[in-house]
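Sequence and computational prediction follow.
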Amino acid sequence: MARFTLPRDIYYGRGALDELKNLQGKKAIIVVGGGSMKRFGFLDRVVANLKEAGMETKLFEGVEPDPSVETVMKGAAAMREFEPDWIVSIGGGSPIDAAKAMWAFYEYPETKFEDLITPFKFPTLRTKAKFAAIPSTSGTATEVTAFSVITDYQKGIKYPLADFNITPDVAIVDPDLADTMPQTLTAHTGMDALTHAIEAYVSTLHTPFTDPLALKAIHMVFDYLPASYEGDKNAREQMHYGQCLAGMAFTNALLGIVHSMAHKTGAVFSTGHIVHGCANAMYLPYVIQYNAKEPEAKKRYAEIAQSVGLTGSEDELVSKLCGKIDEFNAKLNIPKTLKEFGIKEDEFKEKLSTFAANAVGDACTGSNPRSITPKEMEKLFTAIYYGDKVDF
């Protein structure tokens, strides 16, 4: 038996943010990141709409990019003090992911972070609060997913938390918010969405329910991301919907080793953070080459390539799909290799065996279409560092 889970309600379209005034409850805590939602006036609209709904509100501000365990615990403490019956999070993936984890610790204060790392082992939520998510970026799709990524900076590891319990009750997908994204963020989040959709389509857990969503999302990214990158508002709107479709696919089909690798290298190098979407964009063509050695995966990559108008044999289609992704990365100013990104060679070699082993152990590896050993993962990362062809 399989399961397919999405939020109960998804409101979309320009002005959908005002649907908040129809929520029913007494208290809402609003979890938000830096200052952009405040600067653009969206936070004030959230507060006004919730007050019109008759709710008392409290802000929890300052969730950092790639939120930490410490931030999650502070937010949960604020929730226990305020006792909201709605958790509303607005912003990029980081504040929404953080709020999902806070939710668990609000309802179950005795839970330890380590208890939540095992996929699909969360306690039953909604004993105290429901959850509404409002994305401002077009990539993570955390507003419709059963996932949250939290970083343990002491260990230098990102942990993907996974459980259908943390799928939001309400998602508000309002493209007005996406219009405010800077160009680099548009590029990284867009390629994150493409990676979600491609990995969902080739996942060992793909289904007839997830395949159409994944393919439609792939088409929308290829059709609209370049114009969205240049600031076209219609393209921004379509990308906001396309990334949401990709999220619907991967929350039910799961992901693969592109995400495993991005999770375990994002915070590991002294030269600075590798932003998640940028890491996914760099790693994706190499992982396709690796996975395509498995016949069923090759067939499904070829189906993706055919669906976006590419032609040829299966091998040619896989190669052309990688080439199309490379072209997009070049247009979006995303490096082709980890060396080009600026990772120091000696540090890469020193840490390689550790982060390769961590990537193999990541929760996303289990649904990858081709199995991988730590030694093979080292070879794959080495190919990505130098830009070599993956032929093993």
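Here it is on my side, so go on. Numbers count the residues shown, from 1 in each chain.

now stretch 128-137: mean pLDDT?
In this model, stretch 128-137 has a mean pLDDT of 98.

Kindly report the same for stretch 277-295.
pLDDT averaged over stretch 277-295 gives 98.

What residues sit buried inside it?
277-292 (16 or more other Cβ atoms under 10 Å). Bear in mind the C-beta positions are built from the backbone N, C-alpha and C, glycine included.

That stretch: how far from the chain's middle?
16 Å (Cα atoms, centre = their mean, to the nearest Å).

Repeat that for stretch 54-68.
19 Å.

cool, and stretch 369-388?
22 Å.

So that it lines up with my notes, have the first residue be 60 from now on.
That works, and once the first residue is 60, the last one we named lands at stretch 428-447.

Flag every buried residue along it.
In stretch 428-447, counting by 16+ other Cβ under 10 Å, buried: 428, 429, 431, 436, 437, 438, 439, 440, 441, 442, 443, 444.

same thing with stretch 81-98?
82, 84, 86, 87, 88, 89, 90, 91, 92, 93, 95, 96.

How about the first one: what's its closest non-neighbour residue?
Which is residue 82. residue 112 (5.1 Å; Cβ to Cβ, 6 or more residues apart in numbering).

From what I see, that neighbour and residue 78 are in contact.
No. Counting by Cβ atoms under 8 Å, residue 112 does not reach residue 78; the two are 10.0 Å apart.

what sits against the most centrally placed residue in the chain?
In the chain, the residue lying closest to the centroid (Cα atoms, centre = their mean) is residue 199, at 3.1 Å. Residue 199 makes contact with 151, 152, 155, 156, 248, 251, 302, 306 under the criterion Cβ atoms under 8 Å, 6 or more residues apart in numbering.

Quick check: buried residues in stretch 153-173?
So for stretch 153-173, counting by 16+ other Cβ under 10 Å, buried means 153-167, 172.

and those residues, which of them are in helices?
153-166 (DSSP state H).

lowest average confidence, helix or strand, in this structure?
Least confident helix or strand, the chain: strand 216-221 with a mean of 83, by mean pLDDT, DSSP states H and E.

Quick check: the residue in the chain sticking out farthest from the centre vs residue 317, distance?
Most distant residue from the mean C-alpha position of the chain: residue 113, 32.6 Å away (Cα atoms, centre = their mean). Going from residue 113 to residue 317 by Cβ to Cβ, to the nearest Å gives 45 Å.

Over to residue 86?
Taken as Cβ to Cβ, the span from residue 86 to residue 317 is 40 Å.

can you check residue 194 too?
Where residue 317 is concerned, residue 194 sits at a distance of 21 Å (Cβ to Cβ).

Just the helices from the stretch 110-259 of the chain, written as ranges.
128-141, 152-166, 234-237, 242-261 (DSSP state H, counting those that start in this stretch).

sorry, that was for the stretch 310-451 of the chain
316-324, 335-350, 354-366, 373-390, 397-400, 404-419, 433-445.

To residue 276, which of those lies closest?
Closest approach to residue 276 among those (Cβ to Cβ): helix 354-366, 10.9 Å.
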